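> Take a look and give me a structure for this.
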Amino acid sequence: MIEPAQWKVDKVNALTEELNESPVSAVISIKGLRNKEFQKIRSDIRGKVKIEVLRARLLRLALQKSNKKNIAGMTEHATGQIALITTSETPKTVYDMLVSKRTKAAARGGEIAEEDIIIEPKETSFPPGPMISVFQKAGIPAGIEKGKIVIKSEVTLVKKGEVISKEKAQVLEKLEILPVTVGLEMIAAYSDGLVYSRDALSITIEQIVSDMAGAFLKAKALALKADFLVPEIMPELLSKAYLQAQGLALAANFVDEKNIDIFIRKAVINATTLN
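This is a model prediction of the structure:
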């Protein structure tokens, strides 16, 4: 049996101890993030969270070794190019913090377009020369006007979900179009015996309020339809009953002080019509 390298054993032990001592732990993806961008984000949030880039297998071993309740559930999220965050901040606070640090960047080729990348007609800063061939090769209708290369008409260079080719990425960079969002992306977080997925952490207060308001309106409509007596629908039920009573009184020609004005208006209308 081959014994693991001592540095790996020491690293797993250190990670296990850190997981046990940290109130909140999170696995984040660093895939596609350039070193300069990573260091900038790390510097911005230093003091609030600790970030450590490490091998996914070592983290999985540490998660399985930790004595914290249910933290082993994070193991399935520890894959690919990842880093570990340990902090005393809440999972939601860490998620929002990472989202706020996302920035737009130039494509390098191979990325998936997040939205349609549309090139609008305009005059560029490029003089006549090789660049016009580069534009045309990328599928951008270009020509020369007044000594400058111009894009003649609007074109969707890359559709949402398509791969941005290296050639098109070079053109986008020349046009100073930044189509890629870069940043640290939360995969999952652990706190107090619970593992939170990225989808759960991405829910906003506004979304919760909107969902609750929508659910209330649906419940209210159902209660009205079923005549289910609850305080929230009493004004509508009383109004509905009043209108039905008035309709019945009119149909039966039942006159009292509350509806006599309706009968008067009805008589005036009938008289006008006869006249």
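
> Need phi/psi at the most centrally placed residue in the chain.
Nearest residue to the geometric centre of the chain (CA atoms, centre = their mean): residue 202, 6.2 Å. Main-chain dihedrals, residue 202, degrees, to the nearest 10: phi -80, psi -10.

> what helix or strand does the closest residue to it other than its chain neighbours sit in?
With CB to CB, 6 or more residues apart in numbering as the criterion, residue 202 has its nearest non-adjacent residue at 7.0 Å, and that residue is residue 95. Just so you know, the C-beta spots here come from the backbone N, C-alpha and C atoms, and that holds for glycine as well. Secondary structure assignment for residue 95, by DSSP states H and E: helix 91-100.

> what about stretch 13-29, start to end distance?
22 Å (CA to CA, to the nearest Å).

> mean confidence for that stretch?
On average, the pLDDT along stretch 13-29 is 94.

> what about residue 6, neighbour count?
8 (other CB atoms under 10 Å).

> Report the separation between it and residue 13.
With distances taken as CB to CB, to the nearest Å, residue 6 is found 10 Å from residue 13.

> Ok, residue 238 next?
71 Å.

> out of those two, which sits in the busier spot?
residue 13 (13 against 10).

> where's that one relative to residue 33, distance?
Relative to residue 33, residue 13 is positioned 28 Å away (CB to CB).

> list the contacts for residue 95?
186, 189, 198, 201, 202 (CB atoms under 8 Å, 6 or more residues apart in numbering).

> Kindly state the pLDDT recorded for the nearest residue to the fourth one once chain neighbours are set aside?
Closest residue to residue 201 apart from its sequence neighbours, by CB to CB, 6+ apart: residue 95 at 4.0 Å. The predicted structure scores residue 95 at 93 on the pLDDT scale.

> Enumerate every residue touching residue 171.
If you count contacts by CB under 8 Å, 6+ apart, residue 171 has them with 134, 135, 138, 140, 157.

> Compare those and tell me which is most surrounded.
residue 135 (23 neighbours).

> List the contacts of that residue.
142, 149, 151, 171.

> Check which helix or strand it maps to.
Per DSSP H and E: helix 131-137 holds residue 135.

> can you pull the buried residues of that helix?
Neighbour counts using 16 or more other CB atoms under 10 Å place 131, 132, 134, 135 of helix 131-137 among the buried residues.

> Quick one: mean pLDDT for stretch 78-89?
Over the span of stretch 78-89, the pLDDT mean works out to 93.

> now do the same end-to-end measure for stretch 105-115.
Distance between the boundary residues of stretch 105-115 (CA to CA) amounts to 14 Å.

> So which bits of that stretch are buried?
105, 106, 107, 111, 113.

> What are the contacting residues of it?
So stretch 105-115 is in contact with 32, 34, 37, 158-170, 172-173, 177-182, going by CB under 8 Å, 6+ apart.

> In strands, which of those fall?
158, 180, 181, 182 (DSSP state E).
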